[in-house]
Each structure stands twice: as C-alpha cells, then as structure tokens.
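Q: sequence and predicted model, in that order:
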Protein chains: 4
Amino acid sequence: MREFDLVVRGGTVVTAAQTMDCDVGIVDGKVAALMAGLPPGRAEVDATGRLVLPGGVEAHCHIEQKSSFGLMTSDDFYSATVSAAFGGNTTVLPFAAQHRGQSLLEVVEDYERRAGEKAVIDYSYHLIVSDPTEAVLNDELPALIRRGLTSFKVYTTYDLLKLDDYQILEVLAVARREGALVMVHAENHEMIRWLTERLLARGHVAPRYHGIGHSRLAEGEATSRVISLSELLDVPLLVVHVSCRHATEAIRDAQTRGLRIYGETCPQYLFLTLEDLDRAGMDGAMYCCSPPPRDAESQAAIWNGLQNGTFQVFSSDHAPYAFDETAKLAAGPDAPFHKIANGLPGIELRMPLLFSEGVRKGRIDLQRFVELTSTNAARLYGLFPRKGTIAIGGDADLAIWEPEKRVEVQWELLHDRVGYTPYAGRQLTGWPTTVVNRGRVVVDGGRLLAERGSGRFVPRGSSSFAR
Amino acid sequence: MREFDLVVRGGTVVTAAQTMDCDVGIVDGKVAALMAGLPPGRAEVDATGRLVLPGGVEAHCHIEQKSSFGLMTSDDFYSATVSAAFGGNTTVLPFAAQHRGQSLLEVVEDYERRAGEKAVIDYSYHLIVSDPTEAVLNDELPALIRRGLTSFKVYTTYDLLKLDDYQILEVLAVARREGALVMVHAENHEMIRWLTERLLARGHVAPRYHGIGHSRLAEGEATSRVISLSELLDVPLLVVHVSCRHATEAIRDAQTRGLRIYGETCPQYLFLTLEDLDRAGMDGAMYCCSPPPRDAESQAAIWNGLQNGTFQVFSSDHAPYAFDETAKLAAGPDAPFHKIANGLPGIELRMPLLFSEGVRKGRIDLQRFVELTSTNAARLYGLFPRKGTIAIGGDADLAIWEPEKRVEVQWELLHDRVGYTPYAGRQLTGWPTTVVNRGRVVVDGGRLLAERGSGRFVPRGSSSFAR
Amino acid sequence: MREFDLVVRGGTVVTAAQTMDCDVGIVDGKVAALMAGLPPGRAEVDATGRLVLPGGVEAHCHIEQKSSFGLMTSDDFYSATVSAAFGGNTTVLPFAAQHRGQSLLEVVEDYERRAGEKAVIDYSYHLIVSDPTEAVLNDELPALIRRGLTSFKVYTTYDLLKLDDYQILEVLAVARREGALVMVHAENHEMIRWLTERLLARGHVAPRYHGIGHSRLAEGEATSRVISLSELLDVPLLVVHVSCRHATEAIRDAQTRGLRIYGETCPQYLFLTLEDLDRAGMDGAMYCCSPPPRDAESQAAIWNGLQNGTFQVFSSDHAPYAFDETAKLAAGPDAPFHKIANGLPGIELRMPLLFSEGVRKGRIDLQRFVELTSTNAARLYGLFPRKGTIAIGGDADLAIWEPEKRVEVQWELLHDRVGYTPYAGRQLTGWPTTVVNRGRVVVDGGRLLAERGSGRFVPRGSSSFAR
Amino acid sequence: MREFDLVVRGGTVVTAAQTMDCDVGIVDGKVAALMAGLPPGRAEVDATGRLVLPGGVEAHCHIEQKSSFGLMTSDDFYSATVSAAFGGNTTVLPFAAQHRGQSLLEVVEDYERRAGEKAVIDYSYHLIVSDPTEAVLNDELPALIRRGLTSFKVYTTYDLLKLDDYQILEVLAVARREGALVMVHAENHEMIRWLTERLLARGHVAPRYHGIGHSRLAEGEATSRVISLSELLDVPLLVVHVSCRHATEAIRDAQTRGLRIYGETCPQYLFLTLEDLDRAGMDGAMYCCSPPPRDAESQAAIWNGLQNGTFQVFSSDHAPYAFDETAKLAAGPDAPFHKIANGLPGIELRMPLLFSEGVRKGRIDLQRFVELTSTNAARLYGLFPRKGTIAIGGDADLAIWEPEKRVEVQWELLHDRVGYTPYAGRQLTGWPTTVVNRGRVVVDGGRLLAERGSGRFVPRGSSSFAR
Ligand SMILES: [Zn+2]
Ligand SMILES: [Zn+2]
Ligand SMILES: [Zn+2]
Ligand SMILES: [Zn+2]
Ligand SMILES: [Zn+2]
Ligand SMILES: [Zn+2]
Ligand SMILES: [Zn+2]
Ligand SMILES: [Zn+2]
C-alpha cells in the first residue's frame, strides 16, 4: 500500500448517505482510502472531535462579473474564492455572463483568463445567455458544452438580460439536445416594471420599495410560466433563488406531477425580511437583492421546502456590491430603489448559517445539509462523483467542521471585499475550521494556505438530474 | 494494518450517495476499509465487473406468521430468509403479530425462539398491535421498545386486527412518547365490508371481486384519515403498501404541508393489475392481496411516487400462501373471494424486479434504488448506520450484482416454499449473485453458504425519520 | 281578473335571479300576479321603499327536541316559529330526532302532534337517524319519504347518535334508491373523545376547552371521510354547519372534482370565535356548540366559501338551551365543558346578521342572499318551487325588508325563550318588518298576527340538487 | 289595467331562479305582468306546451369584423343577427375591433353605422384593444365606457393583436378605475410560435397541426399568467373560450382562492375534437379555431366546469369564415395550417346544442341553462336586469322553446352565410320556435318577422360581477 500524501485522522466522515468514524487517506489529490487506523501519511490533519464533510459546492455566485448596469462586483476571483474557502467551500460555480452583442466564446475566455490566475479553489462557470443568436445557439453553446460548461442561466427580467418565452424555448431546446441544464431567474419583468413606474411616480423611492415592486406575484407567475415552457419541451429546469410560497408551491406541484423541475434557495430568504430593506437611512440598500427578502410566512415556506425536498440546492447568490458610491450607491447617496445594485454577499456564511440554524436547531440532519450544500449541486451541474461527496477516487475536497464552535458574525471576520455583511451580530454555532481541496490544505486554523491561482478549472459532464 | 477477514475486490461500490470503484475490506463482520488495491484478505470475493450494493433491508414481510384467519404462512424463518438472501437481502423485518388476548411480550418471545434457530440472515420484528390494552400500551410496548423493537404496525381493517381511531391515537401517543414509528395498513374497513356483502349477495364470488370490494376509495379514505390522526398528535407515521393514486396523493399532500408522513409501496403495485385477479379458474386467487393490484393508471402513479420521493421504501409484503387447500384454497376449491388468504410472495424478487424495470429502464438511478431497497428502510426503522449502507464501522452487508445477467423468472429458480410466483415468465436483467451478511458469504454462485440459525437479531434504535 | 286577497304594493321584488319593481298579487295563499299597478286587493301591504324577498327557509334548527343527553330545548314549536317569523322566515325545517330503540314512524307522529298545534309558520322535518335498523332502513325511511320527509341527518359523533361508516353507507344507499338527501354532522368522534379525556385528565374543564377538544382536524377528517362514502355510492350529500378551512377545502375539492357534495354554514362561524368561549366565569358556556366557533382565519375561509359558491345554504342551527340549571348548566354551575349542552340560538337573527354584514357591507349581493337563506334550502330539500322564491303559482311567502333600518341586538328584542343571544350589542342594518306566509300576514310592525297552530306541514319532494 | 301590446299565453316561464306556469304581458317592449289568465292582449302568442325562456345573450361573436389577417367574416350584421334570432337570441355582443394605429372612437363609430342599419335584434359591442396608446387608455376607453361600452377584450397572441403583460396591466388598471370588465384570449404566443415554426419546418402543414401548435400548455400558461395580472391589481377578469383542463383548473383554483376570475366556454369544446381537424383533404380547415378543439378528456373537464360553476357563460365565438378562397382557403387550396382563418360558426346552434346535450340529457337543469346562455352574460356585461331574465320592467326578450322538437342539423336549415356547419348531421331535441325582442315577435314558425335595422344599440352599465 502506497504512502498517503495526507491523512485526515480521527474525524467523523459525513456524506449525504451516512456518517462514519474513520480516517481519510489521500493520494494525488484524490481520496484513496476510508478506514480507521490508517498508517501515517506524509502529512496529517487531526480531525478528532470534528466532522469531515464534503467541501461545499457554491453553485450560485457572481464573481468579478460586470452587471448589466455596468457595475463590477467588489470581489474578484481571488477574494471571492478565499472567502468561499474560509466558508467551507472547495468549488465555486460563478457565472460567465454574456452581455448583448458579445460572443459567448470570448466571454468565457475572458473569465478563464481572470479566474485562472486568481482562484484558490476549484471552479467552473455557468453561462449567462442574454443574447441567444443563431451563432450562440447553434455553435457556441454546443462548443462550450463540449468543453464542460454544461449549465446556462437565463433571465426573465432585467432590461439587458431578459429573454422572452420564445428565446427561453430556444435555449431549452439546445439544453435538451445537448444534455445541458438551464437555470432560470424567474420574475415577471412587466409586472415589476409596471409597479416600479407607479411607485416612482408616487415618490416612493426608498430601498423598501424595491421589495414592493418585486412582488411575490411576479416571482410566482414567472416560475409557473417557465415550468410550462419546460413541460412543453420535456426538459429539466432549475429555478434559482426562490424566495416565496407562491414559487415554492409551483415547483412542488410540478415535482408532484412528475416533471423534472428543480429549485434553489438562499440564506437571504431564510434569515432576512422586507423589514431589513426598511432600515434607517439608506441602510436598506445593503439588503436589496432580487427577488427581495419577504416575510416570516415566506421564511417558513422556504424552510419547509428545504425539509421536504422541494429544493435541491442551497446557494449564496453572492453578489457583492460595496455600500458606497462605487456600487450600491453609484446612483447617488439617495439613489432611488430601482437604481440600487441588486445583490448581497454571502459566500462565506452560506454554510455556517445553514449549519447553525438548520442542523443545530434540528430542522435538517447532517445528511440533508451535505446534500443541500454540496452533493446535489455536484449532481445537478455534472461534477459528480468527482465533487460533492467523499468517495474513493473522487477529489479530496473536505470541509472539517467544529460543530460546537461559537462565532458572532462580524464582517471583519470574513474575507470578502464587500465591506459589510447582512448577518452582522448573529450568533452561530459550528464552523469549518480546516478546508482541503484536491488534497491541498487550503484553510487551517484561520490561515489561508493556498496560493493565488492554485484553483483549477473543472470541466463538467451532463447533469445527473437530467435523467 | 490488520489483515482483513474478507476483501471484496474490484467492484463498483454503490451507496445512496455515490458510486465508486474500490475494494471493501472486512474485519469482524464490519466494513473496515474502502480503498482500491487492498492487500489480500483471508478470503476474497472477486467483484470485478459487478456492483457492490448495501444488502437489501426487506422491511415488510410475513414470516412464519399465523394470520388472523388462523393460516400459517408457507415460509418459515429458514425458507424465508434463504429466499430473501438469494434475492439480495441481508436483513429482514417481519412482523411479530399479536392476536387479541395475547401478551405482546409472549408473542415476541415466541417469534424469537423460532427465528433464532432458523434465520440465515439478520432480522428484527415490527410489532403488530391488535389489542392495545392498558398493559400493552403502558408496559409492554415501552419495554419492547427498550429491547430494540421500535416500530409497530396497526390495521384499520380485518375483523380481528383493526383498531378504531381512538386506539390508533393511543398507539400513536405511545410512539410519540417513546420515539417509535407506527406503520399503518390503511383501508376503510366498513367500506370494504359494505361492498363485500353486496358483492356476495349478488353472487359475485370470483377472485376478481376481491379487487372490487377493496375499492381504492377505501384505501384513499383510510390513508387520509390516519394522516389526520398523525397530524393531531404531531407524530410521524408510515403508510404501508400503497397501491393507488388516491393514497399517493394524500401522502404527497401531507409531505407538501410539512408533515412527517412516509410511504411504502411494493412490486405488486408496479407489475400486477386487477386483470391478474381475473385469470382463468381460481388462478386469480394467487394474486389476491390487500390492497389489491389496480390498473395501469395506478401503476403510473406509483412509479411517479417512487421517482419524486413520495415513497421512501419499497418492500415485498411477502405473504406466502400456497395455492392449495392448506392456504389460498383453505375454504375450498371454489372459495369465495373474501375467504381467500390475502397475500402473495415476493421476498426474492423484490429487488431484481425493481433493478430490472427501474434502474435498467432508466426510471430511477442506482442511488435511488439503494435508498428505496436498503438505506431508507434502515433509517426509518432505526437500523442506521449499522445497516442500510456501506460505511466504515457498519455491518458488512453486501449484495453484489451482475448488472447484465438475464433471468427468466420461474418459481423453480426461487427458494421460497410457496409453490408459485406471480411474476413467472418475466425477463429480468440484473441479479445479485453474491450476498454477504456481517462479513459472511451467505450466497454465492447460486449456492447457499450460510447455516440455519446463523442470522442474528438486531436491536434497533429510534427512527432517523422521526426527527 | 279575479280580485286579489292581498296585494303587496310598491316594493322591490328580489329573487335569486333578479330584482324588479312591481306589486305582488296574492290569491288563495299563492302568488297570482307580478305587475306594477295592480288593482286594489281585499287587503294591502304598502311595501314602498322596502325589499320584497322570498320568506326565509330555515333549514337547520332544533325545536322542541330532546337532545341525546335528555335535555329539552327552551323553544317549543310556538316560540321557535314565532321567533323565526320575526326573523323573516316563513318555513322551518327542524329535526324529528330518533333516539335509539325508537321507531321513526312514532317519532314523526309525536313531532307532528306537537308541531301541528303550535307552529305559526309552515314546517317540515328532517329525520335524525340514530338507529338504522333493518326496519328503519327498509320500511320506515321509504314510508316517510313517500310522506314527504325526504332528508335525513346522520351524525359521526355523540355517543348516542353516531353512526359508523357502515351504517352511514346503509343510510346513503337508502337515500340513493329513494331519492332522498343525507345531511351529515361531520366530526371525528374518536379524535374528540381522545382529546377530551386528556383535557379533563389535566383539569382543563372550562368552556373554552370545548373548542380545543373539538379540533378542526376532527371536523376536516370526518368531512373528507363522509365525502368518500358519498363518492363510493355516487349519491349527493350535504355537510352541515361547516366551521373551518379544512372542511371547506374538502367540500370545495369534491365539488371541483364534480361530486355532488353540498355545504352549509351558520352565523356562529362568521361572527363568533373561540375567544367567546373564553369569556369570564361560565359565560363561555353560552357559546358552546359543535363544531365550535374558531378564529379569524376560519371566519375568512367561511366568508370566502359563501362568496365563491362552496356553501349552498346558510342556516342558524338554532339549538336553544337556557343559560341556567335547566339546560346549559344542568350539570352544575361549574359544569365541565363536556357536560355543557351543545348549541346556541340564532333563528331570529340568522338573516338580519347576514343581510347586515353580507349584503350591506358588499360581501355578497341580494341575489346571493336570497339563494343562501331561502332558494337553495328549498331546492335542496324538495320544497321548490312551492317555497324559496317569488313565483306565480308558488306559496306567497314573503319577507319585506327595510334595508336601512338600524337595530342594536338585545335578547329582549327577540322572541325566543332562550334568555340570551350570543350577538348582543351588535349594530345591524336592515330588518324584515313584514312577513307573509301563504298570503297570511304573520308579522307586521313588530306585532304577531298569526295564530298558534296556523302553520302547516309541507310535504316535500326530491331534492333538486340530487340530480 | 292597461291593455297589453302582446300576451304570451299558457307557457312555462323559466328564469335562472325558477320555473312557473303563467302568461307574460308586454307593454311598450317591457314585461309588464306575469300572471296566469291575463286578459287578451292586442296580440297574442300561444305558448301552450312550450318553455318561455329569457332570450339568449350571445356574448362572444365576431360580426362583420375584419380579422387581423384582413379577412372579413362571412356574416354581416344582418345575416348574423338573423341567424342569432333563429337560434333563440335577442341580444348579441360582437366585437368592435381596433387594429393597430386606429382610434377606438372611430372604430366604434364605424361599427355603429354598420350595425344600426342591419341588425334585427339588440346589440352592443365589446372593444378589442390592440393598441393601448396613451390616448386610448386615458381618453378613448373612459369615453366609450361612459357611452355604455363597458367591456374590452385583449389578446395574448396573434401578431397584430397581442398585448404584452405590461399593456394588459395598463388595460386592467383602466378597467379597475372605470368599472369595466376585461376579457382575455389566453394562449401563450411564443409557445405557439415556437411550435408552429418547427411543425412547418418539418413539413407538417395539414389543418390538424393547428391543433398541435396551439398546445393546451400554451392555453394553460397564459390563463395562469393573466390570472396573476388580475390578482396583482385586484380587478376582475374573464377568460374567454376555455378549451381544456389546464385552463379550467387555473380558473377554478383562482375562484377557490376568492379571486374574481370568470370563465367562458363554447360549443366547439363540448362537441368537437382534434379528430375533426384531421378530416379528409382540407375539410379539417372548417374546424380550425383558437384554441382548437381538444379531446374527450378535455370535453369532460369542460362539462364538469359547466356543472360546478367554474364557467359563468357559454358563448358561440361565432367567427364565420366561408370554406372557400374568400376566407378559410384565402391562402390557397392547400393552405398551411397557420394561414387558415381561425374561427367557426355557431351563433344559431349554441343554445340548441346545449339544450339538447345539456338539459335533455340531464347534465344541467333549465335554471343553469338560462344562467349560462343569458342571465350571466347580462350580469357580466352590465345588461342586467334589463336583459338576461324575465322580470317586470325588463325588456320583453323571450325565446319560446319546443322542448320535444327534433331537428337534424344541416347548414341549409340555418340562416348564416358561412356555407357549412361543424355540427351537420347531429340530432337535436328542443328548439326555440318563437323569439321576441323588446316585445316584437322577431321569429315565429320558421319565419323572420323583424325588419332589417330594427335591432337597437343597448348602452351597458358596470358588470354586476365586478363587485
Ligand atoms: Zn438571479
Ligand atoms: Zn444571482
Ligand atoms: Zn397490510
Ligand atoms: Zn403486510
Ligand atoms: Zn350537528
Ligand atoms: Zn344542529
Ligand atoms: Zn379569442
Ligand atoms: Zn372570439
């Protein structure tokens, strides 16, 4: 038996199917052995009293991406992946975002150049398709799928991103033919536009009106609609960042009928509400994202959906915009709500928040936690079984958690460059204190051990859920 | 590193969460190592080209049980466990059935005596509670739960078994207080009785009228009702052997609302229909079970429920009655339908049928197959993580499948004593050719290698699903 | 043209289909002409500025009935029909209640004797079937149906009234064969019993615990169940006194699926809540009825059901028990909740409450008001078109309303003998100030003009809704 | 008592609420008396043995309308109203259709000029809004509403008619503010376009592919969507010509939730199927309409919706295009399906079909028939109580039916100019043999008695259903 490069010793190994006390032996970045009492490795991590989980697969985040408004996110591939790693992630799936008129191939090349030199953990991209020309549909998307970029996001809203139903059908048809997965940001653009114009006309410009304009009816409607589009073509589809009961019910109903509809939700829909958008002065701007946080009833509906299997994946939708004139307030210190950049940070806290409020409070068990934060994302996006679990032959991507560690959230503890966290002041229990990516100890004891650019691009196969 | 008692080498190991190519090293009946290239063990199984799955946990079967009609099943603990083992199972959970007036403690002792000397694989019992006296509720059930019998079945029908709603509430209250799980046979007794009397009065006595009398409305009604009882006490509950859309929808709806309602289905609801009860002569009697097989629409609803997660567990409900005067025809060669013993065999074919029709035909993947046939049963019934998966420290319970093996079903190939199989003539692809229980090779190459009485009673903890 | 016995002149005539300004000419107790400018009649009622509606058909009330506890209602056929008449009713449908062991034929004779000599308006009976013997099912019910008693009520709860599912099926089968309509009091007896025993064991005896013990889950369950029984036999069925969302949804769902399921609700579910049962001292006893008043969410569900057509009929369930030792407190001044007589008065206020809160506040229109309080009851119970509308040839049963009349409810204004009203202090707008039954002016200007015993028994045909 | 201009004697008068035997006395075009044994009128109709119903209100028909393709309907205001009258109608509500760029005021003037000189029965218009400019929204619609045109139809499909969601919200907001009712043709344009393009690309051009391209998913989706738009603004809305279960369920669900959503269906969805589009040669073109006829399951769903109240109104959607080169085949004798004019005739058979198949076969009763064909249309569209019932003071609009008359449908019996009927060969029972509009006998004994241009424009008030 060959010597192990690294042995993670004495921990409790957790996967989506089980929990077991054993060591993890790693060779060449892969898990090579699961066994109690492995012989000493070249290096060792003492996991005694800790939980050894699959590293998180952060499946929805915006990194070094220029928004359709022209704003750049505060985090680049370095800071975002460092922050992700400190939060227990070993893989990130940000977006390579096409702006209209752009070639998707060139977009991807641009992202690869930037990511390759900065990322400290592994990564791939979802493609944002905002301009589904013939060339994009017939040539670029198939080519990129062959290169392992097997998922695309489309929008039903935002002036410069939204596709109409015909275009969505076109994209879905490509996905069906080529075995890719389509993710949809589902909000009815015209409903939001109509409400927004009337709110502005009445002088309702404060951040909280962002939450009024983005009505849950708009989200429910668009969710039902894209499900119908998916049903027409018999092709799977994922609805991202679900915030409310209406959309949750539409997804659940589709699943009940046997459709391959999947759902994602995010921390902001469990832990924030419209009241956060109504904080004093412009502070509400820090909580503006789309869909917006809702209310207690919505939070209960989202928790229920996490428990009963309606949602497959829990992502951060990390969209980091500084609370200053470079980003959130680019339209001025009194920017009306519709000119405030949409998005909030969360890449580092996604898993600690769910661990503390979900696992520790008994709402979900460890298996479901692993599924929601890692395994299902890997399966959905064609990374499985290389990522998303702890399996012989798979990448040695591990997040080693101290389940009793207590942390009071402050932005200063985090590693992003956004300058604030929406979760400041929360008391969390449980934290990933050691993170291993492909056998490399990336984070340990609060220190970053990985070098800039040491993350790798991971080509992806077809979604396991597009059966 | 200590020498392995047994190494299963070269196979593809499958759990509910993953698939990986590695060897399995076994020491003292436990899985001790998962690794490629393990050193030679004291014994070896060559699993090259085969799938190494967790041994099946057969969670619903009637073994050496006297029915409330007074008929004994054809299989005793020897033949049933041999047949189960040949079908890929390593654990069976038959029933210890209380008849009215009996002490549950004595019932269990009687079963233990019989099982202990005959079983070739591991076992525990669910308790059938037909007489919930004060003594049973307050003393016997708590005592038996402490001895590891943590699940009970109650009936809403059968004259000598049925509990009324008050009694079911009493049993549910004990389950809630003691952390046990209640399983329910849900059919409205009075609806069935009313229909049966009228069918008989009109001279409709043939086996097919069993399927008419046991209306799907009766099953749907009772399912909804026991869900309400569960909701009243906020206690989990499993509906066994679901056969139709009505009951499936009631269960799904409860899950959607966040209730901890679980569902089981069986091969007869996927592969048989009422037309089988209508076969020539009395042949239909071989297909009489309760609930009865339905129709193609019901089959589709059941498949859908297996795919979308409505059902957690797939069991045989093996209830072996010989097609002769000792059992099925005990009431004579022209027995009217209500005097035909209810039940049909399936313990050996449960997994091959689902593997062939489910996995091989693309309806479910291997992970879901493992969940439905092993992992979830182990979790539901407090056997986890000792049983139900392949994990370091867990019992070395393995079913090693040849995924391409083609078999035409004939009763002569099987190992039960029933004398017929409802699935004769079917072509199946995939078969478990080696079965290992606690590190013992129980079945290999068509031969039984385990001794009578070598199976062990497994005390169980609380259900993982009674969170 | 023959002279009219009575002309109601100058009013606005309202039926379930229309509103029209015209006179009503009456001959021999029948409506003989609808026309503006009728010639003078032998008698005249000036209806100028008033609404001429069909007299109310009070389809659910308990009059001079001995309860299964042995208590007699405070109202006899005189006081109850006087009170009903002052509330705008011209027909009442109380119950002829069989106690176990009684012959239904004798029960009916007894009621007829008492009603005949006292009633001031027209009447018929629903039969309460508590003992469905062969004789009752095969002989008495068919005989009574032929005598025009075409509706029966059965109970799923109360020790001395409840039928089991088999018995309900027997009664439904008779109804199907003979063209009668079955009404069901739907609450799960065993759930209530189980809760009640535990509440009492914990010393929770105050009136409010009546509302806890009669859980809405018990009502929802029994409602779903009796719908299944109805579906099995394909026979119409009416669920009486629906109080909560659960039962409303079950009824609505059945209607959506095309079943002939009908629903009734009552004032107490629109205007009272569980908080009324929690009034100081024993005052809550005045509000105890089954099902009990619920909460604001339930009230909204019930209003919604009145608006969208889920409910066909709005009845009082007048069950008058004095708040003293003869009735409500027969078990003592501190009677535990399960010994408090169930029921509350409402026969006189049923229509004024719905008129004021429903019509005047814009929740329903006049057509719907007429449907809910008169037309549908007449159609449901086989009185149509003789009763329930204003039609040529039909009985001249009219309630002439002053739509602007303001009344503050006090028991002293009412004409029952109960001694209290649950609605004391409410401000109502609209009151029926003249009431005509078969052409006789029964009430006018606050005075009773009809003689004791002048009401008549009305034989009924088959339900129009049992199509 | 003044002499009657006309007495309809000896019939059975039916309204949505009742059935009564009496004469109808008419003065100045209004119903003046309902009474048995009226004195002789200046004119008399003997209705002995016949049913006197409110004249039909045909609420959805296309008359002398140029389609957005530029085709003129075969019927002008003369032939269409003659045909309508022979079918028992006394009021028609065709569309005044704006084409893009047109002023709605001018459109209406144009229609009024043409209708005024030709119509033989009363009429008003719904406005088709295809170009909701500021002028239309702010000036023209309010002005036309004040002139009594209180309903508009909008389209979600057809290139030259469809509004986007924003525009629909604009129209709904006007309706809400001004008390008008919006009708929607709900089919998802992009789904239809996508399918159509692919069908054509594969050479699937036959008429039956019209039915494939107009998928029921497209109808269900658009129906759900416009319900969401209505819910956002809390404004009532009617979905016209519902053809399938999907849309029916969406409407029913909205009604269950308490929304003011109304539904219309048409004969073609009860009596035709996709198989009719598949008739030999180009005959299928005669059955092309949108939405297209579906299948037996859809027909059952539509019947169910008529029975349980989901649909309020039953209209013909008469859209008469000759089966020749002037209309159906304007794009050639082998016109591909997307170039075949959409629509089929039905104005004369709407009521006889429903009477024969609905009333005579026991699916609905006479009250429901009257509601669906007359009363509800009058209430929905602000004609009530002047039209839609038989009430003192209301217009004397009567259709006098021979309930036993048997007719075999042939186009030659009808009075339209279309040249074919989709219902040829059907055996119907029941026919309206005398029709009276505002006291004028328009049709009697198979002869037209009304003069060209004798119909009148009826200004309408607000919808009774926009409560
Ligand atoms: Zn998004
Ligand atoms: Zn995002
Ligand atoms: Zn069973
Ligand atoms: Zn069983
Ligand atoms: Zn009752
Ligand atoms: Zn009652
Ligand atoms: Zn249309
Ligand atoms: Zn149309």
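A: Okay, I see it. Ligands and ions are numbered 1, 2, ... in the order given.
Q: tell me the residues of the stretch 101-250 of chain A that contact chain D?
A: Counting by C-beta under 8 Å from any C-beta of the partner chain, the residues of the stretch 101-250 of chain A close to chain D are A:164-166, A:169-170, A:188-191, A:193-195, A:215, A:217-218, A:220-221, A:224-225, A:228-229, A:231-232. Heads up, the C-betas are built off the backbone N, CA and C, glycines and all.
Q: next step: the residues you listed restricted to helices.
A: Mapping those onto helices (DSSP state H) picks out A:165-166, A:169-170, A:189-191, A:193-195, A:217-218, A:220-221, A:224-225, A:228-229, A:231-232.
Q: give the PyMOL command for selecting the buried subset of these.
A: The buried subset of these, as determined by 16 or more other C-beta atoms under 10 Å in any protein chain shown, is captured in PyMOL by this line:
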select buried, chain A and resi 165+166+169+170+189+190+191+193+194+195+217+218+220+221+224+225+228+229+231+232
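Q: smallest gap between the stretch 351-467 of chain A and chain D, at which residue?
A: A:Ala466 (20.0 Å; C-beta to the nearest C-beta).
Q: surely that residue is in contact with A:Leu181?
A: Yes: with contact defined as C-beta atoms under 8 Å, A:Ala466 counts as touching A:Leu181 (5.7 Å).
Q: can you list the weak-confidence ranges in chain A?
A: Low-confidence segments of chain A, defined by pLDDT under 70: A:1, A:467.
Q: so which residue is dead centre in it?
A: A:His60 (2.5 Å; C-alpha atoms, centre = their mean).
Q: next up, phi/psi of A:Arg198, please.
A: phi -70, psi -40 (degrees, to the nearest 10).
Q: contacts only, for the residue of the stretch 351-467 of chain A closest to chain D.
A: Counting by C-beta atoms under 8 Å, 6 or more residues apart in numbering or on different chains, A:Ala466 touches A:Gly179, A:Ala180, A:Leu181, A:Val235, A:Pro236, A:Arg260.
Q: now the helices: where do they sit in the stretch 301-450 of chain A?
A: Using DSSP state H, counting those that start in this stretch, the helices of the stretch 301-450 of chain A run over residues A:350-354, A:366-370, A:376-380.
Q: any chance of a markdown table for these, columns mean neighbour count and distance to chain C?
A: Compiled in a markdown table, the helices of the stretch 301-450 of chain A are given as follows (neighbours: other C-beta atoms under 10 Å in any protein chain shown; distance: least, C-beta to the nearest C-beta, whole Å):
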| stretch | mean neighbour count | distance to chain C |
| --- | --- | --- |
| helix A:350-354 | 26 | 31 |
| helix A:366-370 | 23 | 28 |
| helix A:376-380 | 26 | 33 |
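Q: can you tell me which of these is nearest to A:Pro94?
A: The closest of those to A:Pro94 is helix A:376-380. By C-beta to C-beta, the value is 12.9 Å.
Q: residues of the stretch 251-400 of chain A that sit close to chain B?
A: With C-beta under 8 Å from any C-beta as the criterion, the stretch 251-400 of chain A meets chain B at residues A:252, A:255-258, A:304, A:307-310, A:362, A:365, A:375, A:384-385, A:389, A:391-394.
Q: residues near A:Pro432, how many?
A: 26 (other C-beta atoms under 10 Å in any protein chain shown).
Q: who does it form a beta bridge with?
A: Counting by DSSP bridges, A:Pro432 forms beta bridges with A:Trp401.
Q: which secondary structure state is assigned to A:Leu105?
A: helix (DSSP: H, G, I helix; E, B strand; the rest coil).
Q: same question for A:Gly263.
A: Look at A:Gly263: counting by three-state DSSP, its state is strand.
Q: separation between the nearest residue to A:Lys405 once chain neighbours are set aside and A:Leu414?
A: Nearest residue to A:Lys405 in three dimensions, chain neighbours excluded: A:Trp431, at 4.4 Å (C-beta to C-beta, 6 or more residues apart in numbering or on different chains). The gap separating A:Trp431 from A:Leu414 is 12 Å, by C-beta to C-beta, to the nearest Å.
Q: also A:Glu140?
A: On the measure of C-beta to C-beta, A:Glu140 and A:Leu414 end up 36 Å apart.
Q: can you give me the strands in the stretch 201-350 of chain A?
A: For the stretch 201-350 of chain A, the strands defined by DSSP state E, counting those that start in this stretch cover A:237-239, A:261-265, A:313-314.
Q: mind putting those strands in TSV, mean neighbour count included?
A: Shown next, in TSV, are the strands of the stretch 201-350 of chain A (neighbours: other C-beta atoms under 10 Å in any protein chain shown):
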stretch	mean neighbour count
strand A:237-239	27
strand A:261-265	25
strand A:313-314	28
